[in-house]
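*Asks:* Requesting a structural model of the entry that follows:
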Amino acid sequence: MKTEKIIESILLVAVLSLAAPFIEEARGTLVTTIYEFVPEQSRLIRVGGMVPRMESYSIQGQFQLTVDFDATAAWFDQVDATISEAVWYHEIGEPANRTQSLNVLFHMTELESTYVSATQIDFLLARDPQFPNYDIRIRVTFIDDLVYLTGGFTEAACDGYQFDIDAFVVPEPSTLFLLAVGGLVIRKRIF
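*Replies:* Model (predicted):
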């Protein structure tokens, strides 16, 4: 099973390496990368509540980020990341819920990019004009081969929690292999 997956990866890299110049020409500067969270350096921090306290949870998993430099836009295509324990959270007009999904908590696939550069991307999900701290904000900062995610939001409740993300992610190993074999030019253009 593992050997088959390695062979599939090598074939995919070979095909993409040959097709990369044509794909780049057709799509302009659209770049999609899969990133993996570094669990030892990726935390969700929850502060507040009726009896104020601070809790910290590790994050593991991955997400796919697409950046379109021509349109100065970026988005999270998919997020498969979990928090080490389920946390309680409140959405306006809904009962309290529990989740371990980072995407459910931060609505990452719904975020809109507000600023895009080669070194930083800012995302926002404006949720309620009466509670501006309830807006979800995430900043993605590119530092060599590391990516640093920060941001957060506050629940729209008098005893609500502040949720913050403080995480490092790295390109998925197969993405690094692809970049090393056939996509180094694309890699240099975005970082």
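
*Asks:* residue boundaries of the strands in this structure?
*Replies:* Taking DSSP state E to define them, one finds strands in the chain at 30-48, 53-68, 73-89, 97-101, 112-116, 120-125, 136-143, 146-154, 161-171.

*Asks:* Can you list the strands that the second one pairs with?
*Replies:* For strand 53-68, the paired strands and their directions (DSSP bridges) read strand 30-48 (antiparallel), strand 73-89 (antiparallel).

*Asks:* Reformat those strands into JSON lines and put distance to residue 66 next to each item.
*Replies:* C-beta coordinates here come from the backbone N, C-alpha and C atoms, glycine included. Conversion of these to JSON lines gives the following (distance: least, C-beta to C-beta, whole Å):
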{"stretch": "strand 30-48", "distance to residue 66": "4"}
{"stretch": "strand 73-89", "distance to residue 66": "5"}
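
*Asks:* if we can go back for a sec, put together JSON lines for the strands of the chain, with mean pLDDT and mean neighbour count on each row.
*Replies:* Compiled in JSON lines, the strands of the chain are given as follows (pLDDT from 0 to 100; neighbours: other C-beta atoms under 10 Å):
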{"stretch": "strand 30-48", "mean pLDDT": "94", "mean neighbour count": "18"}
{"stretch": "strand 53-68", "mean pLDDT": "95", "mean neighbour count": "17"}
{"stretch": "strand 73-89", "mean pLDDT": "95", "mean neighbour count": "17"}
{"stretch": "strand 97-101", "mean pLDDT": "95", "mean neighbour count": "14"}
{"stretch": "strand 112-116", "mean pLDDT": "96", "mean neighbour count": "15"}
{"stretch": "strand 120-125", "mean pLDDT": "96", "mean neighbour count": "18"}
{"stretch": "strand 136-143", "mean pLDDT": "95", "mean neighbour count": "17"}
{"stretch": "strand 146-154", "mean pLDDT": "93", "mean neighbour count": "19"}
{"stretch": "strand 161-171", "mean pLDDT": "94", "mean neighbour count": "20"}
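
*Asks:* Pull the contacting residues for residue 84.
*Replies:* Residues in contact with residue 84, defined by C-beta atoms under 8 Å, 6 or more residues apart in numbering, are 57, 58, 59, 60, 100.

*Asks:* Name whatever forms a beta bridge with the first one.
*Replies:* What that stands for is residue 57. Under the criterion DSSP bridges, residue 57 forms beta bridges with residue 44.

*Asks:* in terms of contact, does it touch residue 83 like I think?
*Replies:* Yes - assessed by C-beta atoms under 8 Å, residue 57 is found in contact with residue 83 at 4.6 Å.

*Asks:* so what sits against both of these two?
*Replies:* Each of residue 44 lies in contact with both residue 57 and residue 83 under the rule C-beta under 8 Å, 6+ apart.

*Asks:* dump the residue contacts of residue 120.
*Replies:* Contact analysis of residue 120 by C-beta under 8 Å, 6+ apart lists 139, 140, 141, 142.
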